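**Student:** A predicted structure for the sequence below; I have some questions about it.
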Amino acid sequence: MAKGTLFLTLLLVASCASDSGIINSGENEYFIAKQAATGFPGTGGIKDDALEEATNFCQAQSQRLNIIQLDENEGPYVLGKYPRVELTFSCI
């Protein structure tokens, strides 16, 4: 019973994280947003993930990443305001 409760709790927490994927937001302009499932990790890990995903996307086109704007929300991370990163970029 305890294992089932733990599994359900972990499943619910994990389902709160969000990832927009790469969205085309204009001519050679892209957007990606990532949000953590809790307020504990801060924005460092999700920022690295967003930058890596954008870099891989550009490299797949034999281009390099050009960061247009990188926004991180600031704490405190309470009441559903979890760490979030929004990256607008192009490939050059």
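**Tutor:** The structure has been received and is ready for your questions.

**Student:** could you point out the longest helix in this structure?
**Tutor:** helix 44-59 (DSSP state H).

**Student:** which outside residues touch the helix or strand just after that one?
**Tutor:** Downstream of helix 44-59, the next assigned helix or strand under DSSP states H and E is strand 65-72. Residues from elsewhere that reach strand 65-72 (CB atoms under 8 Å, 6 or more residues apart in numbering): 29, 43, 47, 51, 54-55, 58, 83-92. C-beta: built from backbone N, CA, C; applies to glycine.

**Student:** Then stretch 81-92?
**Tutor:** 16, 25, 28-39, 41-43, 46-47, 50-51, 54, 57-58, 61, 63-73, 75, 77.

**Student:** same thing but at 7 Å, please
**Tutor:** 25, 28-39, 41-43, 46-47, 50-51, 54, 58, 61, 63-73, 77 (CB atoms under 7 Å, 6 or more residues apart in numbering).

**Student:** Would you write a PyMOL line that selects the buried entries of the residues you listed?
**Tutor:** Burial among those is assessed by 16 or more other CB atoms under 10 Å; the matching PyMOL selection reads:
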select buried, resi 30+31+32+33+34+35+36+37+43+46+47+50+51+54+58+65+77
